[in-house]
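Enquirer: Predicted model, plus sequence, below.
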Amino acid sequence: MPSQNGNATKFSLMTFNIAHGRGLSLYQGFHSTGGIRKNLDKIARIIALHSPDIVAFQEIDQSSHWNKHIDLLKHIQDDTGYHYSEHGIHNTRHGRKPLSYGNAFLSKHPILHCESTPFGDKQVGEKGFMEARIQIGETPIDIINLHLDFQSKRTRMAQIEPILERIKSLTITESDRVPPIICGDFNAGSKAFSDAVRQFLVRSAHHVQYTYYPQNERTFPAHFPSRGLDFVLIAKPYLASHARVIKCFASDHLPVFIDLHLPS
């Protein structure tokens, strides 16, 4: 549970790529309606067990042919009883086989504002980011939830540009604003200097000094994790504790959970 006193606002955050609700299989279209719902129930149980204040999802559908037009966010929200949610659609395709998916937030606290930005206009596989302001007690918290390209390092590097620009604009125009938390599926490890995570840290340092969590842990693939692709990035005055990867088999990615403290 979050707390707020004269010293700090405390809350927890989970970031989770749920792979369109397909669990560990290769393609969600292989599942029946019951199979998709069973996987969503498993995701909901993980969230209920760990009870984060805020959940940032990636690869979460609103109404898509390949998972039987189930609204995945609504299903999870109904199962977990969270009061607030926002869905950011980055990929839309109309026609006989429609697709509608992207990122999302689930929150125990009011979502004051939410904006979704696709990186491009592809009809399949488009990525993007969401920016939300969430009110925890008397404190507004800014979070950017991103999902970067999985195939191309060059594409990932281009995709971090609008996020860096957003951070720059916030630090210049609103100098008293706490830097946003950055979280999501980077589809890149933290060690490769020329890839998205490291370059984000290097380039954002001109305005904000970020630190990534978890460190030295792996999130993909779920059965035998060999790479860390999912991170939470925070900057001062935030303090982090108990950053960890949660072992489960509800997706091909493992969720990341972190406790955060914001001194008053």
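Expert: Structure's in. What do you need? The structure presented is a predicted model; accordingly, all values stated were derived computationally and were not measured.
Enquirer: remind me which residues of this protein are low pLDDT?
Expert: Low-confidence segments of the chain, defined by pLDDT under 70: 1-7.
Enquirer: Looking at it, which helix is longest?
Expert: Longest helix in the chain, counting residues (DSSP state H): helix 153-173.
Enquirer: Only the buried residues of it, if you could.
Expert: Buried residues in helix 153-173, defined by neighbour count with 16 or more other CB atoms under 10 Å: 153, 155, 156, 157, 159, 160, 163, 164, 166, 167, 170, 171. Backbone N, C-alpha and C define where each C-beta goes, glycine included.
Enquirer: For the last one, which non-adjacent residue is closest in space?
Expert: Meaning residue 171. Spatial nearest neighbour of residue 171, excluding adjacent residues (CB to CB, 6 or more residues apart in numbering): residue 207 at 4.4 Å.
Enquirer: Go ahead and confirm that neighbour touches residue 173.
Expert: No: using CB atoms under 8 Å, residue 207 makes no contact with residue 173, being 11.6 Å away.
Enquirer: Would you mind measuring from the residue nearest to residue 171 to residue 239?
Expert: Distance, residue 207 to residue 239, using CB to CB, to the nearest Å: 20 Å.
Enquirer: same check, this time on residue 26
Expert: 40 Å.
Enquirer: neighbour-wise, which of these two wins?
Expert: More crowded of residue 26 and residue 239, by other CB atoms under 10 Å: residue 239, with 13 against 9.
Enquirer: list the contacts for that one?
Expert: 8, 260, 261, 262, 263 (CB atoms under 8 Å, 6 or more residues apart in numbering).
Enquirer: closest to residue 22 among the residues you listed?
Expert: Residue 22 lies nearest to residue 260 out of these, by CB to CB, at 30.0 Å.
Enquirer: starting at the chain centroid, how far to the one helix or strand the closest one maps to?
Expert: Following DSSP states H and E, one finds residue 260 within strand 256-263. Here strand 256-263 is found 14 Å from its chain centre; the criterion is CA atoms, centre = their mean, to the nearest Å.
Enquirer: Sheet partners, orientation included, of it?
Expert: strand 8-17 (antiparallel), strand 239-245 (antiparallel) (DSSP bridges).
Enquirer: looking at it, residue 62 is touching residue 73, isn't it?
Expert: Yes: judged on CB under 8 Å, residue 62 makes contact with residue 73 at a distance of 7.2 Å.
Enquirer: Quickly list what's touching both of the two.
Expert: residue 87.
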